[in-house]
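**Student:** coords please:
(chains A, B, C, D and E)
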Amino acid sequence: MKLARVVGTVVASRKDPKLEGLTFFLLEDLDGKMKPRGSIVVAADSVGCGVGEVVLYASGSSARQTNQTDKRPCDATVMAIIDSIDLADGGSLYSKAEG
Amino acid sequence: MKLARVVGTVVASRKDPKLEGLTFFLLEDLDGKMKPRGSIVVAADSVGCGVGEVVLYASGSSARQTNQTDKRPCDATVMAIIDSIDLADGGSLYSKAEG
Amino acid sequence: MKLARVVGTVVASRKDPKLEGLTFFLLEDLDGKMKPRGSIVVAADSVGCGVGEVVLYASGSSARQTNQTDKRPCDATVMAIIDSIDLADGGSLYSKAEG
Amino acid sequence: MKLARVVGTVVASRKDPKLEGLTFFLLEDLDGKMKPRGSIVVAADSVGCGVGEVVLYASGSSARQTNQTDKRPCDATVMAIIDSIDLADGGSLYSKAEG
Amino acid sequence: MKLARVVGTVVASRKDPKLEGLTFFLLEDLDGKMKPRGSIVVAADSVGCGVGEVVLYASGSSARQTNQTDKRPCDATVMAIIDSIDLADGGSLYSKAEG
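**Tutor:** Down below sits the predicted model:
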């Protein structure tokens, strides 16, 4: 899975019928310092994420293993909202509580 | 899914029989500023997109989950035409109405 | 799918039994100006392509959706020979007739 | 598979129900000199790895072929802890015993 | 498929049970001049390759289409040992006989 921040919402009224009911978010990939890597992806959502949150998303066929995305033409799905990331040296890379 | 702009049409009379009936478009990948990233892809179409439009496309096995592309040797499919992208700060990254 | 030019042929007498009978070509990926991108791939062929031609190839599981490559350990297959690519402004990016 | 070092742990209380019970690790990809490549990935674990270890992880649908990850929206799984890597010239690229 | 040279062997005693019996090799990706591209991958083997040989490997779900790797959490498999690569102009890019 990849780390990303939710930075926007994508509206598309004309879409494949199998995508009806899905919400699409614009995600910005993050690097190992939690900084933007410069790449983006548009993902469906299986967890009720919101703009600004740091999330994990799955790509490829794994993105279709949620109840929301099963058998749909969707190749990226947010499947977790991150609370915290702790490092080997005991430090904290990220904590949602600290924003 | 990835953001892209439809920039051309691809004609191929000699192709795998399973591809008969599909239309192929040349897409230019877009970055988080809606600028070309420098990479291209050729995609099938499940939504009736047209040259110049900003679209979402799915890659890999997800590209075969539309009725048009099921079981075909196709690894990229346009599955939505984007109306608008709104950012976290309330700004608009893209609006089809504004071109 | 990706745009590529067929630049060579690959011979491998020792290979997985499931690959018997397939022909492998060396492809050079092309960019949006039809120039080499610097990356290569070795692909099977479902359309009878020849060295020098500009082709489309499918990757991943989609590369196994042709009759020739079904259930084989093959992750890239040429599935179309391109006749022409026309751009949004009415110009021609590529025409096989013009070489 | 890719070579990586386990550099952290990822906690996510809000996640897709199918992910319950999986542990997620932050991995740093390694290059051919065992140095960080600059890219990261978050992976599930099928072998009981720990922070600091050098591991192999599988991506895509292959990441779902373990008993722990079967049919889950998971696209990267640690499936081996590396003991040693020996090179063609008889040298050792890596040995766990030597740290 | 990708071109690579086998540069080492990987030993991992602690691994997912489904990987028992597979041999893992360290591969160095090659470019269109047969020079190292700077990226590596660890692959299983379905053809009995050896260190120093130039091989083709398949990635993703295609890497699981050999008898050795079926249903295993393996995303890269060597499936051919290359004898020769001939170019469009009649030249030879690679010949195993010439080393």
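**Student:** show me where chain A has its strands.
**Tutor:** Secondary structure of chain A, counting by DSSP state E: strands at A:2-11, A:14-15, A:24-30, A:36-45, A:54-59, A:76-81, A:84-87, A:92-95.
**Student:** quick check: phi and psi at the residue of chain A most remote from its centre.
**Tutor:** Distance from the centre of chain A peaks at A:Asp89, with 26.8 Å (Cα atoms, centre = their mean). When read as degrees, to the nearest 10, the backbone of A:Asp89 gives phi -80, psi 10.
**Student:** against chain C, how distant is the most centrally placed residue in chain A?
**Tutor:** By Cα atoms, centre = their mean, chain A has its centre lying nearest to A:Val78, at 3.5 Å. Distance from A:Val78 to chain C, counting by Cβ to the nearest Cβ, to the nearest Å: 22 Å. Placement of C-beta: from N, CA and C, glycine included.
**Student:** ditto for A:Lys33
**Tutor:** As judged by Cβ to the nearest Cβ, A:Lys33 and chain C stand 28 Å apart.
**Student:** any idea how far A:Leu87 is from that residue?
**Tutor:** Distance, A:Lys33 to A:Leu87, using Cβ to Cβ, to the nearest Å: 11 Å.
**Student:** any common contacting residues for the two?
**Tutor:** A:Leu93 (Cβ atoms under 8 Å, 6 or more residues apart in numbering or on different chains).
**Student:** report the beta-bridge partners for the residue nearest to the centre of chain A.
**Tutor:** A:Asp45, A:Tyr57 (DSSP bridges).
**Student:** what do you get for A:Ser92?
**Tutor:** Under the criterion used (DSSP bridges), A:Ser92 bridges to A:Asp86.
**Student:** between A:Lys33 and A:Leu87, point out the one with more neighbours.
**Tutor:** A:Leu87 (15 against 9; other Cβ atoms under 10 Å in any protein chain shown).
**Student:** how about that one, nearest residue that isn't a chain neighbour?
**Tutor:** D:Gly8 (4.5 Å; Cβ to Cβ, 6 or more residues apart in numbering or on different chains).
**Student:** roughly how far does that neighbour sit from chain B?
**Tutor:** 26 Å.
**Student:** against A:Ser92, how distant is that residue?
**Tutor:** 9 Å.
**Student:** what residues are shared contacts of these two?
**Tutor:** Taking Cβ under 8 Å, 6+ apart as the criterion, D:Gly8 and A:Ser92 both touch A:Ile85, A:Asp86.
**Student:** and these two? which has more neighbours close in?
**Tutor:** Neighbours per residue (other Cβ under 10 Å) separate D:Gly8 from A:Ser92, with D:Gly8 holding more: 23 against 11.
**Student:** measure how buried A:Leu93 is and give me the count.
**Tutor:** 18.
**Student:** circling back to that earlier point, make JSON lines out of the strands of chain A and add mean pLDDT and distance to E:Ile82.
**Tutor:** Below are the strands of chain A laid out as JSON lines (pLDDT from 0 to 100; distance: least, Cβ to Cβ, whole Å):
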{"stretch": "strand A:2-11", "mean pLDDT": "98", "distance to E:Ile82": "33"}
{"stretch": "strand A:14-15", "mean pLDDT": "96", "distance to E:Ile82": "44"}
{"stretch": "strand A:24-30", "mean pLDDT": "98", "distance to E:Ile82": "35"}
{"stretch": "strand A:36-45", "mean pLDDT": "97", "distance to E:Ile82": "33"}
{"stretch": "strand A:54-59", "mean pLDDT": "98", "distance to E:Ile82": "30"}
{"stretch": "strand A:76-81", "mean pLDDT": "98", "distance to E:Ile82": "35"}
{"stretch": "strand A:84-87", "mean pLDDT": "97", "distance to E:Ile82": "42"}
{"stretch": "strand A:92-95", "mean pLDDT": "96", "distance to E:Ile82": "43"}
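**Student:** closest one to B:Arg72 among the ones you listed?
**Tutor:** Smallest distance to B:Arg72 across those (Cβ to Cβ): 19.4 Å, for strand A:14-15.
**Student:** just how off-centre is the closest one within its chain?
**Tutor:** With Cα atoms, centre = their mean, to the nearest Å as the basis, strand A:14-15 stands 21 Å off its chain's centre.
**Student:** roughly how far apart are the residue of chain A found nearest chain C and D:Gln65?
**Tutor:** Of all residues in chain A, A:Ser61 sits closest to chain C, at 7.7 Å by Cβ to the nearest Cβ. Relative to D:Gln65, A:Ser61 is positioned 12 Å away (criterion: Cβ to Cβ).
**Student:** for the residue nearest to the centre of chain A, which residues are in contact?
**Tutor:** Per Cβ under 8 Å, 6+ apart, neighbours of A:Val78: A:Val6, A:Phe25, A:Leu27, A:Ala43, A:Ala44, A:Asp45, A:Ser46, A:Val47, A:Cys49, A:Val55, A:Leu56, A:Tyr57.
**Student:** the first one contacts A:Gly52, correct?
**Tutor:** In other words, A:Val6. Yes. Between A:Val6 and A:Gly52 there is a contact at 6.3 Å, judged by Cβ atoms under 8 Å.
**Student:** when these two are compared, which one has more neighbours?
**Tutor:** A:Val6 (22 against 11).
**Student:** tell me who's in contact with that one.
**Tutor:** A:Phe25, A:Leu26, A:Leu27, A:Cys49, A:Gly50, A:Val51, A:Gly52, A:Glu53, A:Val55, A:Val78, B:Ala88.
**Student:** okay, and the beta partners of A:Thr9?
**Tutor:** Bridge pairing for A:Thr9 (DSSP bridges) gives the partners A:Phe25, B:Asp86.
**Student:** measure it to D:Lys15 for me?
**Tutor:** In this view, A:Thr9 and D:Lys15 are 21 Å apart by Cβ to Cβ.
**Student:** do the same with A:Leu87
**Tutor:** 21 Å.
**Student:** would you mind giving me the confidence score for the residue of chain A found nearest chain E?
**Tutor:** Per Cβ to the nearest Cβ, A:Ser61 is where chain A lies closest to chain E, at 7.7 Å. If you check A:Ser61, the pLDDT there is 96.
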